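S.K.: Predicted model and sequence follow; I will ask about them next.
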Amino acid sequence: MNGLQLLDLGYEVEYIEIDTSKVPYNFAVKLGDRTFTFCIRWNDVGGFFTADLSITSTGEVLAYGDIIRYGRPLFNVVEDERFPAPVIIPLCLTGDAISEITFQNFGKQVKLYVYKRVTA
């Protein structure tokens, strides 16, 4: 993971690095106390990216083909304690007017930002 210093907010926001030139590809990310494997794919017919998520140590698949939508948390439809504790949201924090994820902006202006989960 990398960080982006938001000077006006006074804190750093972490994000998961994406390289669209490698799609489809797998990579592992440590989130909290566990490591997860992501697989990022491009759906040519629909014109969108998808993400698969599995637990690296066991290979257990938690989500397959989750559509990556701008501004919406990943893997938010079905959640339980096996999923990552932080919330992962694809956003653009550079001020550019972006409303959808494309090959041109994903991993560049649009990044997978990692936010601490707020519990009630």
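M.R.: Done, it's in.
S.K.: Which residues are in contact with the nearest residue to Thr35 once chain neighbours are set aside?
M.R.: Spatially, and ignoring its direct neighbours in sequence, Thr35 is nearest to Thr56 (4.2 Å; C-beta to C-beta, 6 or more residues apart in numbering). Quick note: C-beta positions are derived from backbone N, CA and C, even for glycine. By C-beta atoms under 8 Å, 6 or more residues apart in numbering, Thr56 lies in contact with Ala28, Arg34, Thr35, Phe36, Thr37.
S.K.: one more time with 6 Å, if that's ok
M.R.: By C-beta atoms under 6 Å, 6 or more residues apart in numbering, Thr56 lies in contact with Ala28, Thr35, Thr37.
S.K.: Please pick the buried ones from these.
M.R.: Neighbour counting with 16 or more other C-beta atoms under 10 Å marks Thr37 as buried within these.
S.K.: residues of the longest strand anywhere in the chain that come out buried?
M.R.: Longest strand of the chain, by residue count under DSSP state E: strand 34-43. For strand 34-43, the neighbour count (16+ other C-beta under 10 Å) marks Phe36, Thr37, Phe38, Cys39, Ile40, Arg41 as buried.
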